[in-house]
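>>> would you be able to build a 3D model of this:
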Amino acid sequence: MKGLRCRTATSALLPVLSFAAASLVTVPLAAQVRDQHEDANSARYDAMFGTPNRYTPSPQDNLFATTPGLEQQVRRSQFTINGLLPIFFNSNAEALPSGGASSAEFSPILGVSWTTPVFDLPFRFTANTRAEVDRFTQAPSLDFDKITASGRLQYVDPTNDQAYSPYISYAPRWDFAPFYKSWFATRQDLNIGVNKTFNYDANFRRIAFSGNTLAETVWSFGMTAVIQRRFRDPAPGSWAAYLVPSATFAISPQWNLSAGILAERRAFDSYYGFNQEDWLIEPIVTLEFVLPESWFGSERTATWLGRPAFDFQVAYEKNWSNLPAANFEVWHVGIALKLGWRF
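Numbering: from 1, shown residues only. This next block holds a predicted model:
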């Protein structure tokens, strides 16, 4: 009878234990899926900031090696203000394995960055802060706001902006309920990376090495490789490796085309004995139109207005995971108004 009572009690506890185990996996799952989805979103916005635009200033902290000036030394300290007003169709706003809601997504971004040479050394330091608001018309429960900061120390060859350009960076981010009402998550990323570009002229001839080849460059090909440690509250943290090839084509002073692929491998820390491991891949294509200064009457007026440009972008993100509930795919199609000022 005693053995029978033990078996009966154990059987009664099994549903409770199963529910508890499922809950322990579900708690970190939302954070992990959000991390992968947000990495993909950040790459899309970096792709728009990193177009081969010779007029609208861009921050010198970007995932894509082909970003104008990213591997160049600056002559003096400079401040850059950037604005981005994107509106996108999102095919799976909830990043679900299936049946996710499609939605319009509006994510305005305002950023301020400071870039300076480090004494007379071949290094450049960039500090960057961004505020972003994410809103979804068909999935308002996903609305949230974020503040991102970063500090990046990068080696630059002052005589060759096509040289290998390694860097280290620290990038914390704070997530809030809508209208920055209350904090709910923090990420802190430590990155060690390297950039490499290959620049070509209109006849597809390699451009001779110099400290600034932007004016001669029509075609640019680049590669970024990154190792990252992410600390997260709430847990779990993770390790990741990125490989990011990119290419740009300056069609004319007003039109340019860029493409890049984010390939990411992320291994999350063990959480109650489970080790989640994900692969993320995201190809991104961006076509940009820079409004001619003649439309504003003068170059001065266009500069004061932030040298406006429109970016048309298509991106596809696909995540594979050893946790089936974390598999997802999303299409993004949209347009953004881009503005920039440099002082």
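>>> just the pLDDT for residue 50.
Looking at residue 50, its pLDDT is 96.
>>> again but with residue 12, I slipped
As predicted, residue 12 sits at a pLDDT of 34.
>>> please begin residue numbering at 12 from this point
In the new count, where the first residue is 12, that last one comes out as residue 23.
>>> so what touches stretch 111-120?
Contacts to stretch 111-120, defined as C-beta atoms under 8 Å, 6 or more residues apart in numbering, come from residues 52, 56, 93-105, 141-150, 339, 341, 343, 345. In this view, the C-beta of every residue, glycine as well, is placed from N, C-alpha and C.
>>> what's the span of it from first residue to last?
Taking C-alpha to C-alpha, to the nearest Å, stretch 111-120 runs 25 Å from one end to the other.
>>> list the buried ones in it?
Going by neighbour count (16 or more other C-beta atoms under 10 Å), the buried part of stretch 111-120 is 111, 113, 114, 116, 117, 118, 119, 120.
>>> now do stretch 194-211
Under the neighbour-count criterion of 16+ other C-beta under 10 Å, stretch 194-211 has 196, 198, 200, 202, 204, 205, 206, 207, 208, 209, 210, 211 buried.
>>> what's the lowest-pLDDT member of the buried residues of stretch 111-120?
Among the buried residues of stretch 111-120, residue 111 carries the weakest pLDDT, at 90.
>>> which of the three states applies to it?
Three-state call for residue 111 (DSSP: H, G, I helix; E, B strand; the rest coil): coil.
>>> tell me the contacts of the residue nearest the centre of the chain?
Ranked by distance to the mean C-alpha position of the chain (C-alpha atoms, centre = their mean), the top residue is residue 53 at 2.2 Å. Counting by C-beta under 8 Å, 6+ apart, residue 53 touches residue 74.
>>> wait, is it part of a helix?
Yes. Residue 53: assigned to a helix according to three-state DSSP.
>>> how far away is it from residue 215?
32 Å (C-beta to C-beta, to the nearest Å).
>>> before we move on, what about residue 282?
Separation of residue 282 from residue 215 (C-beta to C-beta): 50 Å.
>>> and these two? Which one has more around it.
More neighbours surround residue 282 than the other of residue 282 and residue 215, with 18 against 8 (other C-beta atoms under 10 Å).
>>> any idea where the strands of this structure begin and end?
Along the chain, the stretches classed as strands by DSSP state E are 89-101, 114-117, 120-128, 134-147, 155-166, 176-187, 194-211, 230-244, 249-261, 266-279, 288-301, 320-332, 339-353.
>>> take those and lay them out in TSV including distance to residue 79.
Converted to TSV, these look like this (distance: least, C-beta to C-beta, whole Å):
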stretch	distance to residue 79
strand 89-101	12
strand 114-117	27
strand 120-128	13
strand 134-147	14
strand 155-166	15
strand 176-187	14
strand 194-211	10
strand 230-244	9
strand 249-261	9
strand 266-279	10
strand 288-301	12
strand 320-332	13
strand 339-353	11
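>>> nearest to residue 68, out of the ones you listed?
Shortest distance between residue 68 and the strands of the chain, using C-beta to C-beta, is found for strand 339-353: 3.9 Å.
>>> now the angle from the closest one to strand 89-101?
Between strand 339-353 and strand 89-101, the angle comes out at 150 degrees (axes from the mean of the first three to the mean of the last three C-alpha atoms, to 10 degrees).
>>> residue 132: neighbouring residues, count only.
When neighbours are defined as other C-beta under 10 Å, residue 132 has 11 of them.
>>> residue 221 too?
Residue 221: 14 neighbours (other C-beta under 10 Å).
>>> residue ranges with poor pLDDT in the stretch 12-161 of the chain?
Within the stretch 12-161 of the chain, the segments meeting pLDDT under 70 span 12-42.
>>> let's see that with 90 instead.
By pLDDT under 90, the low-scoring segments of the stretch 12-161 of the chain are 12-48, 69.
>>> next one: the stretch 212-354 of the chain
Applying pLDDT under 90 to the stretch 212-354 of the chain picks out residues 282-285, 336.
>>> could the buried residues of stretch 194-211 be laid out in CSV, adding distance to residue 161 and pLDDT?
Formatted as CSV, the buried residues of stretch 194-211 follow (distance: C-beta to C-beta, whole Å; pLDDT from 0 to 100):
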residue, distance to residue 161, pLDDT
196, 17, 93
198, 12, 95
200, 8, 98
202, 9, 98
204, 12, 98
205, 17, 98
206, 15, 98
207, 21, 98
208, 21, 98
209, 26, 98
210, 26, 98
211, 30, 98
